[in-house]
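Trainee: Could you work out the structure for the sequence below:
(4 chains, ligands or ions: 4)
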Amino acid sequence: MRELTFAEAICEAIREEMERDPTIFTYGEDIAKQGGIFGTYKCILGKFKGKIIDTPISEEVIYGSAVGAALAGARPIVEFHFADFLFTGMCSIINQIMKIRYMSGGQGKLPIILRGPDGVARAAAAHHSQSIETIFMHVPGIKVVIPSTPYDAKGLMKTALRSDDPVIFFEHKRLYKTKGPVPEEEYLIPFGKADIKREGKDITVIATSRMVLEALDAAAELEKEGISLEVIDLRTLVPWDKETVIESVKKTHKVIIAHETWRRAGWGAEVAATIYEEAFEYLDAPIKRIGAKNVPHPFSPPLEDAVIPHKEDIIEAAKEILSF
Amino acid sequence: MRELTFAEAICEAIREEMERDPTIFTYGEDIAKQGGIFGTYKCILGKFKGKIIDTPISEEVIYGSAVGAALAGARPIVEFHFADFLFTGMCSIINQIMKIRYMSGGQGKLPIILRGPDGVARAAAAHHSQSIETIFMHVPGIKVVIPSTPYDAKGLMKTALRSDDPVIFFEHKRLYKTKGPVPEEEYLIPFGKADIKREGKDITVIATSRMVLEALDAAAELEKEGISLEVIDLRTLVPWDKETVIESVKKTHKVIIAHETWRRAGWGAEVAATIYEEAFEYLDAPIKRIGAKNVPHPFSPPLEDAVIPHKEDIIEAAKEILSF
Amino acid sequence: MDLDLLNLYETMVKIRLFDTKAEELFLQSKIPGFIHSYVGEEAIATGVSANLRPDDYITSTHRGHGHMIAKGADLKLMMAELYGKRTGYCKGKGGSMHIMDFSLGVLGANGVVGGGIPIAVGAGMAIKLIKKTDQVVVCYFGDGASNRGTFHEGLNWASIYKLPVIFVCENNMYASTAYMPETTSVLDISARASGYSIPGITVDGNDVLAVYEAAKEAIERARKGGGPTLIEAKTYRLKGHFVGDPELYRSKEEVQKFWEKEPIGRFERKLFEEGILSEEKKREIWTKIEKELEEAIRFAEESDFPPPEDALTDLFVDDRGYDY
Amino acid sequence: MDLDLLNLYETMVKIRLFDTKAEELFLQSKIPGFIHSYVGEEAIATGVSANLRPDDYITSTHRGHGHMIAKGADLKLMMAELYGKRTGYCKGKGGSMHIMDFSLGVLGANGVVGGGIPIAVGAGMAIKLIKKTDQVVVCYFGDGASNRGTFHEGLNWASIYKLPVIFVCENNMYASTAYMPETTSVLDISARASGYSIPGITVDGNDVLAVYEAAKEAIERARKGGGPTLIEAKTYRLKGHFVGDPELYRSKEEVQKFWEKEPIGRFERKLFEEGILSEEKKREIWTKIEKELEEAIRFAEESDFPPPEDALTDLFVDDRGYDY
Ligand SMILES: Cc1ncc(C[n+]2csc(CCOP(=O)(O)OP(=O)(O)O)c2C)c(N)n1
Ligand SMILES: Cc1ncc(C[n+]2csc(CCOP(=O)(O)OP(=O)(O)O)c2C)c(N)n1
Ligand SMILES: [Mg+2]
Ligand SMILES: [Mg+2]
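Mentor: Ligands and ions are numbered 1, 2, ... in the order given. You can find the predicted model right below:
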């Protein structure tokens, strides 16, 4: 099958949907003239005249305007440049995008997509490295997509672009250049459906985004030692696929949850607590949660590596859990 | 002992510390002329000339200015008016206040207090009812105080005002008028020290803020049925008192966690996951987590009541847990 | 559009009576939450809306009853919403501060000061870039809001893209307890327009015809592609910030003085002088509105509260898999 | 202060050579992360800082090397920070984009565009309200930042309280890929000053003496309690937005044209003409700086990376009980 990079897959989804739906338009900082700083708009560079728009550095309006655009009949794709700058317009997101339909008593619909990069790049430090998906799982009002492969990214982006609800779509910086098979034919991936990226029988690893790749690497290494990991990629956090997770837990009785965002009160805690609630008697050992250390992201590479999680952390956790 | 309201206790702490430390000043919206909309500045109304300041509605500066003020040698107490409007200046908080000391490699100190109301009032709806303490437990860089009694509020506020680190201090709207004993003599309450508000032997209830009162009410009712709840008030979430919690769990083997903020990915998930990690074999039943339903806060009183948790939810959870 | 002066008069009286009644009902505890009265500012929404078509949009504020009524709202549905009844505009989920009717073009009253500005700008983008119609958007906000970042970002944005957005600043001299000159660094907020290279004009906001004329010019310009305008309508908030405000920050004399300039009596005198209004006609109008209002109150009182389970609807169009 | 022209020259050359070298080292992969070059804008920080005392403050931007150097930074500690070494200004935690030295009065380079504005305002508050000294604060930011809400909130705030803050907008015609007139609704950003009733002035930012004079006037006024000034220094970003920028958004010819106006050659010619600088003196200055720079590089290269455990220090002054 044809291979695309993660960035190309996203771009293709956007291009196809923009061709199909004339109400889609997209705006954000630095997208129109260079095709986006990570190349996510390369395939539409110079196309769709008037519908790919560079904006001022005015995040409260970048995000909040999506509400008005959607209610007036358009379908905005808003780039957030870096997840760290979601905070710059957070009120527009959390208090407007995520609440207005509910406050209105269900009037209208809000087909809004917020998309952009999150996660660490390399030595980008505390203002350009954050992963903050947990906040949008905690505060109600938006669907949260956080894919790990080009295939998933395309299929989920297409679903997002046909959804009538607000969606936030996180693209990990270190994934943009990764390649994977993407069929030429159209396909959509529903929200709330996890993907078992690798079947296994000893331990269930639940991950998203970059940590799925780390989990797969860990699984490959542990296989040599006769340890079999099942790697579940949640793909969407709101809604999230409890059934697939619980089913796997009932098979393996052991769980590792891995995310790049901070460990403390990260979404791993929610998934863990839910597993205990729904499959308490099936668990052989406490769930291991892996996440970043609870500090901002330091600049210096060795410090950065000490803060974010890696496959080694998964391997270590697997060994610990087996010796519980 | 003398009784004060929650609002009076906070004000007294601020007044005493302002008398002691001439570098303290305070600003925010609507504080100087009416003593604050919930009366938290009544006891200093007209005092400390030039140090109690009404500001424009400019939250990004209200919060961000605290960094400059602190680094230039002052000790700002910044009121956030409503927790919902923390989002309006979230970048100043999360990207500046919470990161700058770390990014600087530990230069200087940041004696900043963000304080103000959170939680439901009555029919204040989606923009004036939120509790968002979990976000500050998840993202590293600030200490989180969330008291339930006038006594604790005063002692913790005084500690905050002598701390050299940023502190966010949440005062529940429905607590402001509650009364409780507050000694005339000076006392401080350290961060990271939970308070057992009621001893019990059957179930540990871990709560903060308004839910502590609900838990105490639930405990009083359940006592009649011979069920004994131990009610732990965490008081601070960063840092939080794992030891006291684990000790109690080892005694009761059963746990309920109750907070007013949304249940999904709320701090209850972190506390639950931690308990499982550290006291797995001591647990007789899955932990019950109680929080708001995962929707914005509706206006209409019966809907609001359907969304936020009450003592009845604790009672129900207790009965369920005992019949596990 | 042909201007019907009696129509203007009738709209102003309707707003006045609605808000006067709402205040009364609030003080009788029939209306929960908060109410912000538009009494004294009726000429603004009335004069502006007389230029609007049903398919034009507005964004409103926390003080939004007048904006809704001037745009043609049904008093029954409004009153029911204020009561928190299921028959209200937002099924009881919004309340006074978040009342809206997308089908009327009202993209929301808003509990966030300045929160409507990005929304208005977004509607303008959809109109200009996607729908390519000659609709316009009116964005109401207060003097206090003019100090928020959204004001700046929104006006710059609307100017750059020449959006059909008319920014109407209702300068009622107070932002809650704050006297406008003490928190706002210009005497005329319209002076800020030059910072965005757009026309700015100050009008007497208590003179409905002056407002009408200023709005007419701005709206016609916007419809023809001439871009945004900033209109500052100078008025005075005759009532407290919210119903129940102790108003410690201003003198009764000051308020009294401004009652003499209130817009309805002023317009009425003019209409009498010009023979357009007679005592009889006046009685007819008032009686009609009073009846309409009584019906609205009856409707609200006789309507049911929403059942608790309604709290878990209306967040998403598609909530499959969502976890309430 | 007596103006030493050779001193100005030397500072500009130091900045130029530092950033030229940093670019080179970055391209050799010796410096990780991002680098934003100040080449071509040296006259601004140099002209401004010549008016500053050691106890004055500045807030800087992502393009902050020049601001640091002009305020007196040690090139060794700077270079070590860029390398991510433990001997750097921030022990490797900040890097180029978050370099700071509080003891020099540099309250941070900042990865958030416009993020320094609230910080500067806060330092101004501490000076004016608490410390009551005649210190001043210079707040640097770009043309792009002038469209952020913080600009508006900050200037209004500084005006109201008459704070000793000098806002220096470095208008280099680009905000990343965005050409200034396409995202900014005024031709002269200084025109926005009138919206805050403060003096606004545009100077040739490539003329160090013009910058010096404008800053002198503004800083003297601020020291005497005359409040803030907005200085727009018009310049041009000769290098890409960051080192490695493909610069698809502008022509080589355009850049070439502006190289002819670059500030150092221009000032040099003047100094030669006036007999203040000779070829010999010039060589002496350049050689001295080149040596200083070599030493700085050697220092950086010979320094150690921080050990991983350093990642868990410097967040709080008091981290007892904190959970990393
Ligand atoms: C972002 C934000 N900050 C603070 C508040 C609290 N608040 C509600 S109304 C108000 C005053 C608004 O003043 P103005 O914009 O002049 O409108 P007015 O009430 O005078 O109509 C304030 C501070 C809020 N709702 N939103
Ligand atoms: C709040 C925020 N939004 C976006 C960015 C990404 N970004 C970094 S620099 C930059 C352009 C800044 O332009 P300007 O203020 O003119 O400064 P210059 O780079 O020209 O010195 C952008 C958009 C950011 N760092 N922060
Ligand atoms: Mg006002
Ligand atoms: Mg620039």
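Trainee: For C:Pro164, grab the count of nearby residues.
Mentor: Neighbours of C:Pro164 under the rule other CB atoms under 10 Å in any protein chain shown: 30. Every residue, glycine included, has its C-beta placed from N, CA and C.
Trainee: So in chain A, which strand runs the longest?
Mentor: Ranked by residue count and defined by DSSP state E, the top strand of chain A is strand A:255-262.
Trainee: That strand packs against which elements?
Mentor: If contacts are counted by 3 or more CB pairs under 8 Å, 6 or more residues apart in numbering or on different chains; DSSP states H and E, strand A:255-262 sits against helix A:133-138, strand A:203-207, helix A:210-224, helix A:267-279, strand A:288-292, helix A:311-322.
Trainee: rerun that using 6 Å as the cut-off
Mentor: strand A:203-207, helix A:210-224, helix A:267-279, strand A:288-292 (3 or more CB pairs under 6 Å, 6 or more residues apart in numbering or on different chains; DSSP states H and E).
Trainee: Nearest to chain B, out of these?
Mentor: With CB to the nearest CB, the closest approach to chain B among these belongs to helix A:267-279: 3.9 Å.
Trainee: Please see if that closest one touches chain B.
Mentor: Yes - judged by CB under 6 Å from any CB of the partner chain, helix A:267-279 and chain B are in contact via A:267, A:269-270, A:272-273, A:276-277.
Trainee: contacting residues for A:Leu86?
Mentor: A:Phe80 (CB atoms under 6 Å, 6 or more residues apart in numbering or on different chains).
Trainee: Can you check the pLDDT for it?
Mentor: pLDDT recorded at A:Leu86 is 98.
Trainee: ok, now A:Gly36?
Mentor: Looking at A:Gly36 specifically, the model assigns a pLDDT of 88.
Trainee: burial count for it?
Mentor: 27.
Trainee: Is it correct that C:Ser146 falls within a strand?
Mentor: No - per DSSP: H, G, I helix; E, B strand; the rest coil, C:Ser146 lies outside any strand segment and is helix.
Trainee: Tell me how many other residues surround it.
Mentor: Using other CB under 10 Å, C:Ser146 has 33 neighbouring residues.
Trainee: helix/strand/coil for the residue of chain A found nearest ligand 1?
Mentor: Using CB to the nearest ligand atom, the single residue of chain A nearest to ligand 1 is A:Cys91, 6.8 Å away. State at A:Cys91, reduced to three classes by three-state DSSP: helix.
Trainee: what about it, distance to ligand 4?
Mentor: Going from A:Cys91 to ligand 4 by CB to the ion, to the nearest Å gives 26 Å.
Trainee: wait, that residue sits on B:Thr88?
Mentor: Yes - with contacts counted by CB atoms under 6 Å, A:Cys91 reaches B:Thr88, the gap being 4.2 Å.
Trainee: By neighbour count, which of the residues of helix A:267-279 next to chain B wins?
Mentor: Neighbour counts for the residues of helix A:267-279 next to chain B peak at A:Trp267, which has 31 neighbours (criterion: other CB under 10 Å).
Trainee: Quick one: name the residues of chain A near chain D.
Mentor: Counting by CB under 6 Å from any CB, the residues of chain A close to chain D are A:30, A:33-34, A:54, A:56-58, A:60, A:123-125, A:127-128, A:293-295, A:298-303, A:306-307.
Trainee: what sits against A:Glu8?
Mentor: By CB under 6 Å, 6+ apart, A:Glu8 has no neighbours at all.
Trainee: Apart from its neighbours in sequence, what residue is nearest A:Ala74?
Mentor: Distance criterion CB to CB, 6 or more residues apart in numbering or on different chains; nearest residue to A:Ala74, sequence neighbours excluded, is C:Ala126 at 3.9 Å.
Trainee: same check, this time on C:Ile119
Mentor: Spatially, and ignoring its direct neighbours in sequence, C:Ile119 is nearest to A:Gly68 (4.1 Å; CB to CB, 6+ apart).
Trainee: would the one you found count as being in a strand?
Mentor: No - counting by three-state DSSP, A:Gly68 is not found in a strand; it is helix.
Trainee: Quick check: pLDDT value at it.
Mentor: 98.
Trainee: next one: C:Asp2
Mentor: C:Asp2 is assigned a predicted lDDT (pLDDT) of 66.
Trainee: ok, and for the helix or strand containing C:Glu24, which residues are buried?
Mentor: Assigned by DSSP states H and E, C:Glu24 falls within helix C:5-27. Neighbour counts over helix C:5-27 (16 or more other CB atoms under 10 Å in any protein chain shown) mark C:5, C:8-19, C:21-23, C:25-26 as buried.
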